[in-house]
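Novice: task: produce atomic coordinates for the following.
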Amino acid sequence: MSPTPALLVIAHGSRDPRHAATVHALVGRARELRPGLRVETAFLDFNTPTVAQTLSSLYLSGVREVVALPLLLTRAFHAKSDIPAALAESSARLPGLSVRVADVLGPSPLLISALERRLTEAGLTPADRSTTAVVLASAGSTDPEAIAAIAETAREWRRAGWCAVRPAFASAALPRTEDAVRALRAEGFARVAVAPYVIAPGRLPDRISAGAEAGGADVVADVLGAAPELAALLLRRYDTAVSTRTHLPALTA
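Specialist: The predicted structure is shown next:
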């Protein structure tokens, strides 16, 4: 029986130190859930180790099969271009290394559960659902597939009983968080909550928080962070990549 493939979680990276700290906390939680699995972290930009550095380290330790997991909520430019390019460039220099690419995290019911967790931590209760409108605030993208995925997540979450769930974006798309909050208030909703649909703190999540304050939101949840639902989702994406390996994109040197 061949060794279990290692899991390489690839995050975007940020100049904000809170970003890397949150990513490491999340990956650590996934590692705790699966003690026998080797789980490593890499960053596309701003932080280290890079994808090349982590793949080289895995290779030198004897690993020859890796599942690369984009730590992204939607399939946009980073998932479609940056990560495959970084993996292809690195694996080409490591003979015999096979790298398979898992799917991005969203959409998933586990993400909605994590959003619910953060709103509960911010003070909302199940009894508040019928009187609270929610702004699902993401970082933003110009990719139509990513925008559609966020809109679908908002529709799915609305079915959990919130009186409204509307998408908003910190960049690249409209509406902005503050405008979505104001629009819901203008429609007559007495309580408006903002739920950041982002994994880790940074410039754009800070923009979401500022927009929530500017728009007059009543409740602002924290980022998804190292929520247990996210840690479980990392492993679910890994397991799917391993079990359906003939149907997933592969990069083999």
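Novice: residue 139: neighbour count?
Specialist: Residue 139: 26 surrounding residues under other Cβ atoms under 10 Å. The C-beta positions use only the backbone N, C-alpha and C, and glycine is treated the same way.
Novice: going forward, begin numbering at 10 instead of 1
Specialist: OK, 10 is where the count begins now, so the last one is residue 148.
Novice: mind listing what it touches?
Specialist: Residues near residue 148 by Cβ atoms under 8 Å, 6 or more residues apart in numbering: 178-180, 207, 213-214, 217.
Novice: in helices, which of those residues fall?
Specialist: 213-214, 217 (DSSP state H).
Novice: closest one of the residues you listed to residue 59?
Specialist: Closest approach to residue 59 among these (Cβ to Cβ): residue 213, at 21.7 Å.
Novice: the closest one: what's it in contact with?
Specialist: Contacts of residue 213 by Cβ under 8 Å, 6+ apart are 148-149, 179-180, 207.
Novice: how far does stretch 129-142 sit from its chain's centre?
Specialist: 23 Å (Cα atoms, centre = their mean, to the nearest Å).
Novice: restricting to C-alpha, output that stretch in CSV.
Specialist: Taking C-alpha atoms only, stretch 129-142 is exported to CSV below (Å, rounded to 0.1, in the frame of the first residue of the first chain):
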residue,chain,number,x,y,z
THR,A,129,-23.8,33.4,17.3
GLU,A,130,-20.5,34.4,18.9
ALA,A,131,-21.4,38.0,17.9
GLY,A,132,-24.6,37.8,20.0
LEU,A,133,-27.4,36.6,17.7
THR,A,134,-29.6,33.7,18.7
PRO,A,135,-31.9,31.4,16.7
ALA,A,136,-34.8,33.6,17.8
ASP,A,137,-33.3,36.5,16.0
ARG,A,138,-33.4,34.9,12.6
SER,A,139,-36.9,36.0,11.6
THR,A,140,-36.1,39.7,12.4
THR,A,141,-32.5,39.9,11.2
ALA,A,142,-31.2,40.6,7.7
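Novice: noted, bye for now.
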